[in-house]
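Engineer: Got a predicted structure plus its sequence, pasted below:
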Amino acid sequence: NAGVTQTPKFQVLKTGQSMTLQCAQDMNHEYMSWYRQDPGMGLRLIHYSVGAGITDQGEVPNGYNVSRSTTEDFPLRLLSAAPSQTSVYFCASPAGPRTDTQYFGPGTRLTVL
Amino acid sequence: DQQVKQNSPSLSVQEGRISILNCDYTNSMFDYFLWYKKYPAEGPTFLISISSIKDKNEDGRFTVFLNKSAKHLSLHIVPSQPGDSAVYFCAAGSRVTDKLIFGTGTRLQVFP
């Protein structure tokens, strides 16, 4: 998927546990973003970054933290997982100079019990 | 408040016919629009886009139409093929905010 990789593919957590979803891109683009996909809700923007050291909130940022120390990596952290965070998470980044065409990673399916 | 809406959760079309997927938006500040296709267990893949200064963009079997006055866009697939069966998301963005907002998706099924 156009150079965006995500790990892990699947994860099961207990309520209150923490974890980090990894995202990396090899397209050397400044812009990266995280989405979650839920049935009937489409894709909702969690956080995004327009460059190293710069992050901002999307539509549903609560319960998630992000940081951007390098151009390549944009990890998403869940500090205290809740069942409402059960979802499929996608990382995205553009492949070209413009930000309007986002290319998505394969996704991480997270279940919080 | 849903800024991008896809009111049809599903659509079933016979192979060879036209598929028309619709999308409405509320924010007049959006200046580009995209369609993505998603197969199960995969990430969404970019299909076609249109700038707000255009009213039509065509790429092979796929055409996107934009009606700014109605805040409506549509994706036409002609002819439809079984491999087109997937969930289709429309998305809208603004170069000012750099945020891409997605609709809820329409599941297209193309049957023989």
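Structural biologist: Okay, I see it. Numbers count the residues shown, from 1 in each chain, chains lettered A, B, ... in the order given.
Engineer: show me what contacts the closest residue to chain B within chain A?
Structural biologist: Residue of chain A nearest chain B, by CB to the nearest CB: A:Phe104 (3.4 Å). C-beta: built from backbone N, CA, C; applies to glycine. Residues counted as contacts of A:Phe104 (CB atoms under 8 Å, 6 or more residues apart in numbering or on different chains) are A:Asn1, A:Val4, A:Tyr35, A:Phe90, A:Cys91, A:Ala92, B:Tyr36, B:Gly43, B:Pro44, B:Thr45.
Engineer: pLDDT added to the residues you listed, as CSV?
Structural biologist: Shown next, in CSV, are the contacts of A:Phe104 (pLDDT from 0 to 100):
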residue, pLDDT
A:Asn1, 45
A:Val4, 93
A:Tyr35, 96
A:Phe90, 97
A:Cys91, 96
A:Ala92, 93
B:Tyr36, 95
B:Gly43, 93
B:Pro44, 93
B:Thr45, 92
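Engineer: May I see these organised as CSV, with neighbour count, distance to B:Lys56 and secondary structure added?
Structural biologist: Shown next, in CSV, are those (neighbours: other CB atoms under 10 Å in any protein chain shown; distance: CB to CB, whole Å; DSSP: H, G, I helix; E, B strand; the rest coil):
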residue, neighbour count, distance to B:Lys56, secondary structure
A:Asn1, 21, 28, coil
A:Val4, 25, 30, strand
A:Tyr35, 28, 28, strand
A:Phe90, 27, 29, strand
A:Cys91, 30, 32, strand
A:Ala92, 27, 26, strand
B:Tyr36, 25, 19, strand
B:Gly43, 23, 27, coil
B:Pro44, 29, 23, coil
B:Thr45, 14, 22, strand
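Engineer: In chain B, what residue spans correspond to strands?
Structural biologist: All strands of chain B, identified by DSSP state E, fall at B:4-5, B:10-14, B:19-25, B:32-38, B:45-51, B:56-59, B:62-67, B:72-77, B:86-93, B:100-102, B:106-111.
Engineer: could you redo those as TSV and give each row distance to chain A?
Structural biologist: Output for the strands of chain B, formatted as TSV (distance: least, CB to the nearest CB, whole Å):
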stretch	distance to chain A
strand B:4-5	8
strand B:10-14	12
strand B:19-25	11
strand B:32-38	5
strand B:45-51	5
strand B:56-59	13
strand B:62-67	13
strand B:72-77	14
strand B:86-93	6
strand B:100-102	4
strand B:106-111	10
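Engineer: Next up, the contacts around the residue nearest in space to the middle of chain A.
Structural biologist: The centroid of chain A falls nearest to A:Trp34 when counting by CA atoms, centre = their mean (3.0 Å). Counting by CB under 8 Å, 6+ apart, A:Trp34 touches A:21, A:23, A:45-48, A:58, A:64, A:66, A:74, A:76, A:89-92.
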